[in-house]
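Provided below for reference: sequence and predicted model.
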Amino acid sequence: MSELTLSFVSNYNERVEPFMNGTIKAAGIEIIPTYSHPSETFWRQLKFQEFEVAEMSMSSYLIARSRGADMIALPVFPSRRFFHAEQSYHVDSGIKEPSDLNGKRIGVGEYQQTAALWARGILEHDFGVSQYKVRWYMERTEELSHGGATGFTPPPGISFNRIPPDKSMATMLVNHEIDVAPIAGHLSRAVNVIDRSTRIRAAEGDWSKVKPLFPDEISEARRFIAKHGFVPVNHTYIIRGDVYREHPDAAVKLYDAFVRAKTHAAETLLERIPDALVFGPEFLAMTRDVLGDDPFPYGIKANRAMLETLVDFSHEQGLTPQKMKIEELFAAETLRL
Amino acid sequence: MPKLRLSFISAFNERVDPLMRGEVQPEGIEIVPTYSHPSETFWRQLKFQEFEVGEMSMSSYLIARERGFDMIALPVFPSRRLFHTEFSYHTDSGIKKPEDLVGKRIGVGEYQQTAALWQRGILEHDFGVSQFKVHWYMERTEELSHGGATGFTPPPGISFQRIPPDKSMASMLVSNELDAAAINSPWKNTPNIISRSHRIPGTGVDPSKVKLLFGDRKAEGKRFFQKWGFLPVNHAYTIRGDIYKKYPWVAFNLYSAFVKAKAAFNAKLLDSIPSGLFFGTEYLAMTQEIFGADPYPYGVKANRKMLETLIDFSHEQGLTSKKAKIEELFAESTRDL
């Protein structure tokens, strides 16, 4: 019996890894995995549609679908963070708390990326920082950005600037040419060709003047969960339109494999905590106390509030001209999951 | 270029793995790695000396050297835990706090193992629980134990029993045939042929009656470290005597490689924390606040207090008849490191 073979691109993600490394198999489907940084994946996928199954930015997906891109998502959301809490600020900016961001210069990797969408939405709705009353500085160039691939223009009324190619969010923040930027993650992560803050790190700058906007991320996570009830999602997985039409049953088969891979990851989570943390079981208990036993629910039912918020934010931020309908975003076979 | 090939046995340890995987290569040496559970490794090494370089129990090493075994240690200590916080107790035992262990029945995997040595020493010196006023129940059989390989007999004055072969520490604790046992070790889910608690977990009884002796392991870890200044070590690495005598340069070369392997892991530590923990950065900061930036120092100098305590405990517990000299335990060229 000949199996369906599908090219598959994704970043390393512990909840997807058992699927990518073959521990978990989709029924009747063989995947050919490519590991790739999301910045590169989305650019390649939006611009060239290279892969048959791909990790995809939720925000870029909404935009691409509103412009007729031919792909369909699966309701799997293995990548979640508190993106708004990843901002750092320069101490000379006068910023003391998140609401002080009004009027400030804020760095952003890519204006339309999902992390930035969540950061703008949460800063606006929870901290009163209007996206129209700050100045945005975007790092990625047009040629290499996801916006370049989906035809991005800055929404009307937004103060939008580009970071010069010889600088990065990191260098501009440490030199106080901008006041705020989400650089914490960039500095610890692997270098990629799209993001300059991973390469131009300004190691010589005075980093003692750069502080996290939310110094207690655990408390902020607790507040966020109590108010919103979910952990923000940035990525999902899509099937290319031509593949989905030819093999509609692949949607449920892939979804099922994603679920089993996540279960496998949850069962091995404790033993994957580095013993250098010494208190692995205690830290895992702390996380579960804040986020519950499954912070990564899959399926549309369990994610409706999150998806509605995402669709609302995308529309009110001028990234999509009308609100996308959740039912149209996901493969029909998965709508009841 | 020709290299000396050396067989090398160790459990997976994140600080050693770059060496075992070949990411870090010792000068002049090619390692042939065998991954093995410590229970099996030490038994094989002490009984058959199969490997030229191997992980070794510190306590069994002190005993074996006193009895003339021909091997020499390197001052590398990548395996450390708060062993005394791994005790659980049965709630019907009347135990409320560690001091209440006096007079109780305590399970121990192997009487002479380093974890048990630390547990007895810390309970005695910090909590007033005399090792002579409790009843010890050992799980491993004589044939399969490290003590069997080094000629163990229970020290005079110790109340020593063996757990019947159809039972285990875990099964006896849940049925309150034992009052306390160190069953909370990270190895509990890793089957091996020497230890039984993973295979005979106890059934048909109420597991909610088993509780951690130290309800707040972080607080106890902090207290311990403030008093003693180190994280207890259970394993080092040894070179077989015939190899060390023929190739004395191997000791320093291997030591340097262990140091590089640890540094390689530390550089990736933050990225190796599962994203499912969410607050990895915060948790790592909490751990470092308690234990400092490097809880796993290598070298004799940085470990003198820990080694002296280990030697003292071994001697006062009757496992060694005289106190070993630190200088005689480690390869000559590594003593001043």
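Structure's in. What do you need?

Just the helices from the chain, written as ranges.
Let's take chain A. Assigned by DSSP state H, chain A shows helices spanning A:17-20, A:38-48, A:58-66, A:114-127, A:146-150, A:169-174, A:184-188, A:217-228, A:241-246, A:250-267, A:269-272, A:280-291, A:304-316, A:326-329.

Not quite, go with chain B.
B:17-21, B:38-48, B:58-66, B:114-127, B:146-150, B:169-174, B:217-228, B:241-246, B:249-272, B:280-291, B:304-316, B:326-329.

isn't residue A:279 right up against residue B:284?
No. Residue A:279 lies out of contact with residue B:284 (CB atoms under 8 Å); the separation is 10.6 Å. Where you see a C-beta, it was placed from the backbone N, CA and C, and this is true even at glycine.

show me what contacts residue 108?
All of this refers to chain A. A:116, A:119, A:136-139, A:169, A:181-182 (CB atoms under 8 Å, 6 or more residues apart in numbering or on different chains).

meant chain B, my bad for not saying
Counting by CB under 8 Å, 6+ apart, residue B:108 has contacts B:116, B:119, B:136-139, B:169, B:181-182.

Close to chain B: what parts of chain A are there?
Residues of chain A lying near chain B by CB under 8 Å from any CB of the partner chain: A:13-15, A:79, A:81-82, A:184, A:188-190, A:217-218, A:221, A:231, A:265-266, A:269, A:271-284, A:286-287, A:290-291, A:295-296.

Among the residues you listed, name the buried ones.
A:13-15, A:79, A:81-82, A:184, A:217-218, A:221, A:231, A:265-266, A:269, A:273-280, A:283-284, A:286-287, A:290-291, A:295-296 (16 or more other CB atoms under 10 Å in any protein chain shown).

and the stretch 1-150 of chain B, which residues reach chain A?
B:13-15, B:81-82.

Next, the angle helix A:38-48 makes with the longest strand belonging to chain A.
If you go by DSSP state E, chain A has its longest strand at strand A:71-80. Per axes from the mean of the first three to the mean of the last three CA atoms, to 10 degrees, the angle that strand A:71-80 makes with helix A:38-48 is 170 degrees.

Mind listing what's buried along strand A:71-80?
A:71-80.

neighbours around residue B:176, how many?
17 (other CB atoms under 10 Å in any protein chain shown).

If I look at residue A:26, what pLDDT would I see?
Here the pLDDT value assigned to residue A:26 is 97.

isn't it right next to residue A:254, touching?
Yes. The pair residue A:26 and residue A:254 qualifies as a contact (CB under 8 Å) at a distance of 5.4 Å.

What number of residues are in the vicinity of residue B:289?
Neighbour tally, residue B:289, other CB under 10 Å: 9.

From residue B:226, how far off is it?
Distance from residue B:289 to residue B:226, counting by CB to CB, to the nearest Å: 12 Å.

How about residue B:207?
With CB to CB as the criterion, residue B:207 and residue B:226 are 33 Å apart.

now residue A:320
56 Å.

now do residue A:117
For residue A:117, the distance to residue B:226 - CB to CB - is 46 Å.

Could you check which of those two has the larger neighbour count?
residue A:117 (25 against 9).

Pull the contacting residues for that one.
A:59, A:310, A:313-314, A:317, A:319 are the contacts of residue A:117 under CB under 8 Å, 6+ apart.

How about stretch B:301-309 and chain A, any contact?
No. Under the criterion of CB under 8 Å from any CB, chain A is not reached by stretch B:301-309; the shortest gap measures 15.5 Å.

list the buried ones in that stretch?
Quick answer for stretch B:301-309 (16+ other CB under 10 Å): B:303, B:306-307, B:309.

Surely residue B:29 and residue B:250 touch.
Yes. With contact defined as CB under 8 Å, residue B:29 reaches residue B:250; the gap is 6.5 Å.

which residues do the two both contact?
Common neighbours of residue B:29 and residue B:250 (CB under 8 Å, 6+ apart) are B:4, B:6.

Tell me which of the two has more neighbours.
Neighbours were counted for residue B:29 and for residue B:250 using other CB under 10 Å; residue B:250 has more, 23 against 19.

shouldn't the more buried one be in contact with residue B:4?
Yes. At 7.0 Å, residue B:250 counts as touching residue B:4 under the criterion of CB under 8 Å.

list residues touching both of those two?
B:28-29.

so what's the closest residue to residue B:147 other than its chain neighbours up against?
Ranked by CB to CB, 6 or more residues apart in numbering or on different chains and with sequence neighbours excluded, the top spatial neighbour of residue B:147 is residue B:112, at 4.9 Å. If you count contacts by CB under 8 Å, 6+ apart, residue B:112 has them with B:59-60, B:63, B:146-147, B:150, B:152, B:319.

Tell me the one among the contacts of residue A:117 nearest to residue B:259.
residue A:59 (45.0 Å; CB to CB).

lowest-confidence helix or strand of the chain?
If you meant another chain, say so; for now it's chain A. When each helix and strand of chain A is scored by mean pLDDT, DSSP states H and E, helix A:184-188 comes last, with a mean of 54.

Hmm, no, I was thinking of chain B.
Per-SSE averages on chain B (mean pLDDT, DSSP H and E): minimum helix B:146-150, a mean of 77.

Who are the packing partners of that one?
helix B:38-48, helix B:58-66 (3 or more CB pairs under 8 Å, 6 or more residues apart in numbering or on different chains; DSSP states H and E).

What is the neighbour count of the residue of chain B found nearest chain A?
Chain A sits closest to residue B:283 of chain B, with a gap of 4.4 Å, by CB to the nearest CB. Residue B:283 has 23 neighbouring residues, counting by other CB under 10 Å.

My understanding was that it contacts residue A:276; is that so?
No. With contacts counted by CB under 8 Å, residue B:283 stays clear of residue A:276, the gap being 10.5 Å.

Let me see the contact set for residue 220.
All of this is about chain A. Counting by CB under 8 Å, 6+ apart, residue A:220 makes contact with A:82, A:85, A:214.

my bad, chain B
Per CB under 8 Å, 6+ apart, neighbours of residue B:220: B:82, B:84-85, B:214.
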